[in-house]
Structure formats: C-alpha cells, structure tokens
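Participant: just to be clear, the model below is a prediction. Sequence and coordinates:
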Amino acid sequence: MILRLDPCGLICVLMIYGSVVYADYVVTIWMVMPVFGNSVWGAFHITLFNTLIFMTLFSHGRTMFTDPGIVPILKNKYVYTELISHLFYKIRAYTHWTMCTRCESFRPPRAHHCRVCRRCIRKMDHHCPWVNNCVGEFNQKFFLQFLFYVGLSIMILSWIYDDEFATTGLKGPFGENAHHAKVLHSIFLSMECAVFGMFVLAVSCDQLGAIFSEETAVEAAQRRTKQVYKRGSRKGRFALLREVCGGGSLYSWFIPCSSPPVSRDHCVDRRKLNHIDI
C-alpha cells in the first residue's frame, strides 16, 4: 500500500469524498425520505444508492493506495553505475529494457517516468490528481471500476430525482414547504452530476481508446512528437480488456478486490542475468 503526500492530489481526493457525502445526504434526506418514508421501497432506494457509493469509494481507494507498478531502484549507487550500466548493453538486445536517467532505475518496456511520483511506472497512462496516484499496470482495473460506479451512481441519482420531483415537488424531508432550500440542493447536485458526468464520459473514452489501441497516453504523446505511425492492435477488444481486468469471470471485473495479473512480457528471467559475464 502506498500514499502520495502530494498537496494537490490530497485536496482533489477530499473534494471527491466531500462531493460523494453531500450527494448521499441530499438523496437520502431530501429525496428518498419525503417520497417513501420508512417503507420497504424507501429502504431499497437508500440501500441501492449507498451500495453504489460504497463501491465508488472502495474502487477509488484501491486506485489510490495500490502500487501502480513502481519500478524498483537500486539502493547501492556503485552497483548502479558499474554493474547495471554494463548489464544494460548486454541484455537490451532481446529484452528492450531501458535505463531511466532521472530515478536511476532499470525499467521494463512501456515503463515511463512520472514527474509527480518521481519514479518510473510500468505501463503508465497518466498521473491523475483525483486519485492521487498514477494510473498504471497494477491499478488501471480499479480506475476503470471507479469510473463505472461513478457513472452508474449518476444514472441512479437522476432516476431517483425524477421520481421524487414528480411526487413531492418542493416539499422537505418531513413534508414541510422547503422551496428555497430544496432549490439550492437541486442546483448544487445538478452541477455536481454534470461535472462528474462529463469527467466520467471523457476519461472513460480515453481509457477504452488506450486499451483497445494498446497505447497509453504517454506513448501516444511520444508517438505524435516523433511523428511515427501507430499500427492497430492484432488482439481482439475482449482479449485486451481481459489483460487489464484479469483472467477471471466477467463478474470479477466489477469487484475491486483482485489485482490484474502481471504481464510476462515485461519481466526478465533472473537466470539470464546470472549468466552474463562482467
């Protein structure tokens, strides 16, 4: 488990948690209770929405605290300068590993250096301040789940709001006339849903495009800079999604409990290193 102490990231995380708590408060106290009260249908709505809220926060926490794929660095600087520099030229011909000049790490293919984390990240897509972490090989699944549950929560919230407004109008949680307060809550919640909805739509399209093209945002930027043509992936879209979400059943793709498997293409056999003459 890791925790970035980036001030910008921590502020963004607090903003997300505050927005989620506020949305839960408005839905429960100002929408569901005036319509359904203590009925079974009211309990169903509250349970459903709070379950989605829990899954949203759970997947967000897994994205934030999971190691995205940090490439380890050597603690012994002498070993780095003398040994690894020699091994680099010996094995790069068939492993395509590279050496980072910023953090002094011997990194596998598709690993890139993050200026915020100050480390190289395996299959780094981007550094997201809203999760206070990089989105990389080991937490991209949780990031996709976070986007999915945020979008689903917005859809359920819109359905509850439409049903509630048609039934009770501008009544408060206890049936009283609460015109001004309810209008303010409705405006704030609508703005919050619009902002998060646009965020989820834009980032989801970006993430799915990166997965289906087998090209992270960092790699796409580097390709455009070098003006190199990108060939399409030979793998099917379902196979590409399985590489990110794991090889289990489709139900496990929606549960933020198991990390995606490590790609063997990014590993180097230790026996090859042991048989290199120095």
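Facilitator: Yep, it's here.

Participant: would you map the helices across the protein?
Facilitator: Using DSSP state H, the helices of the chain run over 7-25, 33-36, 40-65, 77-78, 85-95, 140-168, 179-213, 217-226, 237-245, 270-274.

Participant: low-scoring stretches of the stretch 151-278 of the chain, by residue?
Facilitator: Scanning the stretch 151-278 of the chain for pLDDT under 70 picks out 163-179, 224-234, 258-278.

Participant: kindly recompute the last result at 80.
Facilitator: By pLDDT under 80, the weakly predicted segments of the stretch 151-278 of the chain are 161-183, 217, 219-235, 247-249, 258-278.

Participant: and of the helices of the chain, who's closest to residue 256?
Facilitator: helix 40-65 (4.2 Å; C-beta to C-beta). (Glycine included, C-beta is placed from N, CA and C.)

Participant: let me know the average pLDDT across that closest one.
Facilitator: Predicted confidence along helix 40-65 averages 93 (mean pLDDT).

Participant: ok, back up a step: need the helices of the chain in JSON lines (columns: distance to residue 125).
Facilitator: Output for these, formatted as JSON lines (distance: least, C-beta to C-beta, whole Å):
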{"stretch": "helix 7-25", "distance to residue 125": "16"}
{"stretch": "helix 33-36", "distance to residue 125": "41"}
{"stretch": "helix 40-65", "distance to residue 125": "12"}
{"stretch": "helix 77-78", "distance to residue 125": "30"}
{"stretch": "helix 85-95", "distance to residue 125": "22"}
{"stretch": "helix 140-168", "distance to residue 125": "7"}
{"stretch": "helix 179-213", "distance to residue 125": "6"}
{"stretch": "helix 217-226", "distance to residue 125": "5"}
{"stretch": "helix 237-245", "distance to residue 125": "10"}
{"stretch": "helix 270-274", "distance to residue 125": "28"}
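
Participant: closest one to residue 103 among those?
Facilitator: Residue 103 lies closest to helix 77-78 among these, at 12.3 Å (C-beta to C-beta).

Participant: pLDDT of the closest one, averaged?
Facilitator: The pLDDT scores in helix 77-78 average 54.

Participant: so which of the helices of the chain gets nearest residue 254?
Facilitator: Residue 254 lies closest, by C-beta to C-beta, to one member of these: helix 140-168, at 6.6 Å.

Participant: what is the closest one packed up against?
Facilitator: Applying 3 or more C-beta pairs under 8 Å, 6 or more residues apart in numbering; DSSP states H and E, one finds that helix 140-168 makes contact with helix 33-36, helix 40-65, helix 179-213, helix 237-245.

Participant: residue 98 is nearest to which of these?
Facilitator: helix 179-213 (20.5 Å).

Participant: quick one, what contacts the closest residue to residue 206 other than its chain neighbours?
Facilitator: Nearest residue to residue 206, sequence neighbours excluded (C-beta to C-beta, 6 or more residues apart in numbering): residue 217, at 7.0 Å. Neighbouring residues of residue 217 by C-beta atoms under 8 Å, 6 or more residues apart in numbering: 125, 126, 206, 210.

Participant: from memory the first one sits against residue 207, does it?
Facilitator: Yes. Here residue 125 reaches residue 207: they are 7.4 Å apart, a contact under C-beta atoms under 8 Å.

Participant: between the two, which one's more packed in?
Facilitator: A direct count of neighbours by other C-beta atoms under 10 Å for residue 125 and residue 207 places residue 125 higher, at 24 against 20.

Participant: so what's that one up against?
Facilitator: 134, 135, 136, 140, 207, 210, 216, 217, 218.

Participant: hmm, back to that, using PyMOL, make a named selection holding only the buried ones among the contacts of residue 217.
Facilitator: In PyMOL syntax, the buried subset of the contacts of residue 217 is picked out as below (16 or more other C-beta atoms under 10 Å):
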select buried, resi 125+126+210
